[in-house]
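Enquirer: just coords:
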DNA sequence: GACATATAGTTAGTTATGCAACTATTTCAA
DNA sequence: TTGAAATAGTTGCATAACTAACTATATGTC
């Protein structure tokens, strides 16, 4: 049994360590090589805004799985780089709507292309079924811990 | 095709976002609830030292997939908490051998038990075959990006 | 033996994360 | 309608990550 226990411990490192880190580093490197000055965390926020512009900060928290302070500070940096702008909502004065600037819109195609290219590099030799299973397992894990 | 591209982008978020973060947070919470004052990053260093004590810092970098400054500072904090001690190597004066203290040895069983318990919570409803596939995919991803 | 190169580790600066405590606004119920 | 509770967002503090530049020691070649 203790052998089995160690295997679970190692699975923890698998889920949380090497592969995620490797993918993140490679994507960051590919951004840098392309002359793009954004972090992958900033990119993941932009990614959701490209799908739907004008989200509230809370909605960005939900979609990126981050807490509120993290989003506050990511947006501070994105605003410094003039990639987003906080617009106070007229309906509810507690809410900021986060809107893309023109220069952020220009980044969309290039960076998504780089992300796809990075995932292609990462997934060489991995079948579609296996990818589907990984997605399902991760969804279950997330739901289990909600 | 552009539909397919977006799916790859989403796979990126899957691998790098929700599940890993959720597992990490839960394990940290379980440590805290058990009155343990270590971070999961510190734990992951101890984990490799429990398997083999007296590793060099470089070897810890390789095994934990971290860079050298990260290990330097993790060890600084672990030394402050009197969980490890850097011992200069006699063979090669550039090298520090990182050794566990007695109190670090006492943490092993308890924390590995908590990690296993956390993985059990996370993996409810996930079959053994699926877990095996996730491990294989992650290994391939890591090898692809090496 | 001497000098270029490689390796081990540290330091400094920027970004990001988690938690806790805080302000401001809205909602809802007595 | 007033006052408690919920919600949106910010700030402060600690830890951790990456890059780049640095020191010290070891290696290997002329």
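Expert: Arrived safely, thanks for sending. The shown structure was predicted, so the numbers you read here are calculated from the model rather than taken from an experiment.
Enquirer: From DNA strand C, how far off is the spatially most central residue of chain A?
Expert: By CA atoms, centre = their mean, the mean C-alpha position of chain A lies nearest to residue A:44, the distance being 3.4 Å. Separation of residue A:44 from DNA strand C (CB to the nearest atom of the strand, to the nearest Å): 8 Å. (Glycine included, C-beta is placed from N, CA and C.)
Enquirer: Confirm for me that that residue is in contact with residue A:64.
Expert: Yes: the criterion here is CB atoms under 8 Å, and residue A:44 meets it with residue A:64 at 5.6 Å.
Enquirer: pull the helix or strand with minimum mean pLDDT from chain A.
Expert: In chain A, no helix or strand scores lower on mean pLDDT, DSSP states H and E than helix A:2-16, which sits at a mean of 53.
Enquirer: And the average pLDDT for the very next helix or strand once past it is what?
Expert: Next in sequence after helix A:2-16, counting helices and strands by DSSP states H and E, comes helix A:18-33. Helix A:18-33 carries an average pLDDT of 84.
Enquirer: Can you tell me what sits against the helix or strand that helix A:18-33 is followed by?
Expert: Toward the C-terminal end, the helix or strand that comes next after helix A:18-33 (DSSP H and E) is helix A:40-51. Applying CB atoms under 8 Å, 6 or more residues apart in numbering or on different chains, the set of residues contacting helix A:40-51 from outside is A:24, A:27-28, A:31, A:38, A:55, A:60, A:63-64, A:71, A:74-75, A:77-78, A:81, A:83-84, A:98-100, A:104-105, A:107-108, A:111-112, A:115, B:9, B:13, B:16-17.
Enquirer: who in chain A is up against DNA strand C?
Expert: Contacts of chain A with DNA strand C, taken as CB under 7 Å from any atom of the strand, map to A:39, A:41-42, A:66-70, A:73-74, A:77, A:92-94.
Enquirer: what angle do the lengthiest helix in chain A and helix A:40-51 make?
Expert: As assigned by DSSP state H, the longest helix anywhere in chain A is helix A:102-122. In terms of direction (axes from the mean of the first three to the mean of the last three CA atoms, to 10 degrees), helix A:102-122 departs from helix A:40-51 by 110 degrees.
Enquirer: After helix A:102-122, which helix or strand is next?
Expert: Using DSSP H and E, the first helix or strand after helix A:102-122 is helix A:128-145.
Enquirer: Are any of the contacts of helix A:40-51 buried, and if so which?
Expert: A:24, A:27-28, A:31, A:38, A:55, A:60, A:63-64, A:71, A:74-75, A:78, A:83-84, A:98, A:100, A:104, A:107, A:111-112, A:115, B:9, B:13, B:16-17 (16 or more other CB atoms under 10 Å in any protein chain shown).
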